[in-house]
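A.B. asks: Sequence plus the predicted model coming up.
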Amino acid sequence: MTSHAEPSELPGVTKEDEAPPAGPVRKQPPPGFTPEGRLGSEGKVLNVFSHGILVVWGLLVTLPLLWAVMSSLKTDKQIFTSPWGLPSALHFDNWSRAWSKSNIGDFFLNTILVVGCSLIGTMLLGSMAAYILARFEFPGKRFIYFMFVGGMSFPIILALVPLFFVMKNMSLLNTFHGLILVYIAYSLPFTVFFLTSFFKTLPSSVAEAALIDGASHTRTFFQVMLPMAKPGLISVGIFNFLGQWNQYMLPTVLNTDEDKRVLTQGLVQLAASQQYKGDWSALFAGLVLAMLPVLGVYILFQRQVQAGLTAGALK
Amino acid sequence: MQHGKYRFIAGFLALPVILYAVFVISPFVQAIYYSFTDWTGLSSDFKMVGFKNYNWLLHDDLFWKAVGHNVVLLLVVPLVTLGLGLFFAFMLNVGGRGRKNSAISGVRGSSLYKVIYFFPQVLSIAIVALLFQFTYNPRNGAINAFLGGIGLESLQQGWLSDPKLALWCLMAVMVWSNVGFYVVLFSAGMSSIPKDFYEAALLDGANRIKTFFKITLPLLWDTVQTGWIYMGIIALDAFAVVQIMTVGPGGPADSTQVMGYYVYTKTFHDGQAGRATTIGVAMLIVTLIFAVIVTRLGRRERLEY
């Protein structure tokens, strides 16, 4: 920023939120146009109306989540007698019981391990393949590109049955490394698709300069191109992180070992078994424990998350 | 240099391509092959049976029931989700009172609404399904308790155990978890539409409803179409909500059976992997038909601005 910022600028006001500068800078409204005329009266009614509807949906979204948090702090008896009542005392012991006895803690660590490794692998392999497909000419390039991109449009469930037996024959069932490899493979189509178009937008002059200076292709990639691709890597990284963290179908089929369950699958199986035993408060606690970290990360980084996920749809 | 280049290309592509070929491409190809066999999935013995599985499929009532449910999902879920998404996004961006010097504006606090609406999108569908299984619970669930609290005991239901309601309950969950995403997506699209368009329309005496259908929707059409395909794929899948929320293989009286879950039960409960892959191939065909219909219906003149 070279322009001298006014000291009176409001803190926390970002560029987009800034009101347009008053005065002649703003385009003059056409003659005969009064903002407070037809618009004004219609707008007032609409404003109340739109806020009303928007608040209703806001409640529909948040109330189930708040209800789960409230229930996780109650005793079993309270859950049954007053489902909407506030907890009489905050029973955080439900949370610790869920964390240790119901193994939510273990599921958590399993998920962190699997998703951590998968994410690194996906980003590394995905950006390598995308870089080649974006910047080099070689025979078979179009075929490989369409092979990757085609994977986006097929229902995974179709591949799931043979995949189960492929994994079985390679002794990869119920192993973390097997699950990691599968997560990476199924994340590649979108990652390659997205990053290929991203690498194409980067200027080639920088890479050429590095090559002329004697850097190898590999070094150019890691030290020049990857840092330049950071915004794209972050978008697709968030997309993959949430997708892999939230994955349910793949682990359900490929990873049935009790000790190796990931969070989503562990919770579902816990719910199925606990509903007979009736430890409802621990179930709610487990559910809340699984929701909180993702919601926390989301609230902290909501701009990037929203941008990352919607970038996925817009292409 | 040329030599170095090809070695570099091969080195960088080898691992991703091998991984992708082994775990994604080969299972897809095998699935089509297995759909012509009587493979149980348990032993490695199987023989080719030609189109026998496909013939079985044509006469399997449960399969057609599942297809019917998938079609309902495919029609209702994207329509409601995208409709609500467009409606809320329009309100957030255009619903506000015209402030000084600007013809249109969003409501106050629109970014806060967007943050909240997006919550369900970051949660796993498994966790959402579990949450709503509790919410729908007839004995201590939030919905029945709420109805009881406001004196509407007569509306209390065993939501997921009623064959007439179960599928609709699942659809509500799918809509609930996806609307926020489209609010954000469409908002991004709407904010890039030039304000002059709205000013001109309002000067010409168009009200907001007309403005929406004549300006916003046509300019947003590409995004809507992409969203439709995305929602269609979600609606065709529906594996997690069916498996987690409803009982047994496919809900009360098979009322929530869908193709994706039928593949799973045929393989892992019935030991009929050959038939299961046949259902999978049918699902692929439905997906392709859906994609063709959407792109055909959606084909309009591209608007540049």
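C.D. replies: Nice, I can see it.

A.B. asks: Any stretches of the chain with poor pLDDT?
C.D. replies: If you meant another chain, say so; for now it's chain A. Where chain A drops to pLDDT under 70, the residues are A:1-47, A:312-315.

A.B. asks: oops, chain B please
C.D. replies: For chain B, the ranges with pLDDT under 70 are B:1-3, B:95-104, B:299-305.

A.B. asks: remind me, longest helix of it?
C.D. replies: helix B:61-94 (DSSP state H).

A.B. asks: One more: chain A?
C.D. replies: Chain A, longest helix under DSSP H: helix A:38-72.

A.B. asks: Can you name every helix or strand that that helix contacts?
C.D. replies: Packing contacts for helix A:38-72, counted by 3 or more Cβ pairs under 8 Å, 6 or more residues apart in numbering or on different chains; DSSP states H and E, involve helix A:280-300, helix B:61-94, helix B:110-117, helix B:119-122, helix B:125-136, helix B:142-149, helix B:166-191. (Each C-beta comes from the backbone N, C-alpha and C, glycine too.)

A.B. asks: May I see these organised as a markdown table, with mean neighbour count and distance to A:Ser102 added?
C.D. replies: Output for the helices and strands packed on helix A:38-72, formatted as a markdown table (neighbours: other Cβ atoms under 10 Å in any protein chain shown; distance: least, Cβ to Cβ, whole Å):
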| stretch | mean neighbour count | distance to A:Ser102 |
| --- | --- | --- |
| helix A:280-300 | 20 | 5 |
| helix B:61-94 | 20 | 33 |
| helix B:110-117 | 20 | 29 |
| helix B:119-122 | 22 | 23 |
| helix B:125-136 | 24 | 13 |
| helix B:142-149 | 18 | 22 |
| helix B:166-191 | 23 | 24 |
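
A.B. asks: who wins for proximity to A:His91 among the ones you listed?
C.D. replies: With Cβ to Cβ as the measure, helix A:280-300 is the member of those nearest A:His91 (6.7 Å).

A.B. asks: tell me the contacts of the one residue in the stretch 201-305 of chain B that gets nearest to chain A?
C.D. replies: In the stretch 201-305 of chain B, no residue comes nearer to chain A than B:Gly280, which is 3.6 Å away by Cβ to the nearest Cβ. The contact partners of B:Gly280, by Cβ atoms under 8 Å, 6 or more residues apart in numbering or on different chains, come to A:Pro155, A:Ile157, A:Leu158, A:Ala159, A:Leu160, A:Val161, B:Ala31, B:Ser35, B:Val263.

A.B. asks: Narrow those residues to just the buried residues.
C.D. replies: A:Pro155, A:Ile157, A:Leu158, A:Ala159, A:Leu160, A:Val161, B:Ala31, B:Ser35, B:Val263 (16 or more other Cβ atoms under 10 Å in any protein chain shown).

A.B. asks: circling back to that earlier point, angle of the longest helix of chain B against helix B:166-191?
C.D. replies: Computed by axes from the mean of the first three to the mean of the last three Cα atoms, to 10 degrees, the angle separating helix B:61-94 from helix B:166-191 equals 30 degrees.

A.B. asks: Report the contact partners of A:Asp279.
C.D. replies: So A:Asp279 contacts A:Asp76, A:Arg97, A:Ser102 (Cβ under 8 Å, 6+ apart).

A.B. asks: Do I have it right that the last one meets A:Ala271?
C.D. replies: In this case it means A:Ser102. No. Counting by Cβ atoms under 8 Å, A:Ser102 sits too far from A:Ala271 to count as a contact (10.0 Å).

A.B. asks: tell me the contacts of the residue lying closest to A:Ile53 once chain neighbours are set aside?
C.D. replies: Spatial nearest neighbour of A:Ile53, chain neighbours left out: B:Met91 (6.8 Å); criterion: Cβ to Cβ, 6 or more residues apart in numbering or on different chains. B:Met91 is in contact with A:Ser50, A:Ile53, A:Leu54, B:Val107, counting by Cβ under 8 Å, 6+ apart.

A.B. asks: B:Met91 and B:Val175: what is the separation?
C.D. replies: For B:Met91, the distance to B:Val175 (Cβ to Cβ, to the nearest Å) stands at 17 Å.

A.B. asks: quick revisit: could you measure from the residue of the stretch 201-305 of chain B closest to chain A over to A:Thr252?
C.D. replies: 16 Å.

A.B. asks: Mind telling me which residue is nearest the centre of chain B?
C.D. replies: The centre of chain B sits closest to B:Ile234, judged by Cα atoms, centre = their mean, with a distance of 2.3 Å.

A.B. asks: give me the element that one is part of.
C.D. replies: helix B:217-237 (DSSP states H and E).

A.B. asks: Okay, buried residues for that helix please.
C.D. replies: B:219-221, B:223-237.

A.B. asks: distance between that helix and the chain's centre?
C.D. replies: Between the centre of helix B:217-237 and the centre of its chain there are 9 Å (Cα atoms, centre = their mean, to the nearest Å).

A.B. asks: Tell me which other helices or strands the next helix or strand after that helix touches.
C.D. replies: Next helix or strand after helix B:217-237 toward the C-terminus (DSSP H and E): helix B:239-245. Identification of packing neighbours for helix B:239-245 by 3+ Cβ pairs under 8 Å, 6+ apart yields helix A:249-254, helix B:125-136, helix B:166-191, helix B:259-268.

A.B. asks: May I see the buried residues of helix B:239-245?
C.D. replies: Neighbour counts using 16+ other Cβ under 10 Å place B:Phe239, B:Ala240, B:Val241, B:Val242, B:Gln243, B:Ile244, B:Met245 of helix B:239-245 among the buried residues.

A.B. asks: Also stretch B:22-39?
C.D. replies: Across stretch B:22-39, burial judged by 16+ other Cβ under 10 Å covers B:22-25, B:27-28, B:30-31, B:34-39.

A.B. asks: what about the nearest residue to A:Val224 once chain neighbours are set aside, distance to chain B?
C.D. replies: Setting aside the residues directly before and after it, A:Val224 is nearest to A:Ala210 in space (Cβ to Cβ, 6+ apart), at 4.8 Å. The spacing between A:Ala210 and chain B, counted by Cβ to the nearest Cβ, to the nearest Å, is 14 Å.

A.B. asks: Run the chain-centre distance for the helix or strand hosting A:Ala210.
C.D. replies: If you go by DSSP H and E, A:Ala210 is part of helix A:204-212. How far helix A:204-212 lies from its chain's middle: 34 Å, per Cα atoms, centre = their mean.

A.B. asks: so who does residue 158 touch?
C.D. replies: No chain in the question, so chain A it is. Shown in contact with A:Leu158 (Cβ under 8 Å, 6+ apart): B:Phe28, B:Ala31, B:Val263, B:Thr277, B:Gly280, B:Val281, B:Met283, B:Leu284.

A.B. asks: nope, chain B please
C.D. replies: B:Pro138.

A.B. asks: What backbone torsions are found at it?
C.D. replies: When read as degrees, to the nearest 10, the backbone of B:Gly158 gives phi -90, psi 80.

A.B. asks: Kindly report the same for B:Met48.
C.D. replies: Backbone torsions of B:Met48, given as degrees, to the nearest 10, read phi -70, psi 140.

A.B. asks: Ok, the one 3 residues further on next?
C.D. replies: Geometry field for B:Phe51 lists phi and psi as phi -90, psi 20, criterion degrees, to the nearest 10.

A.B. asks: from memory A:Leu287 sits against B:Leu131, does it?
C.D. replies: Yes. At 6.2 Å, A:Leu287 and B:Leu131 qualify as touching, with contact defined as Cβ under 8 Å.

A.B. asks: any common contacting residues for the two?
C.D. replies: Common neighbours of A:Leu287 and B:Leu131, counting by Cβ under 8 Å, 6+ apart, are A:Ala68.
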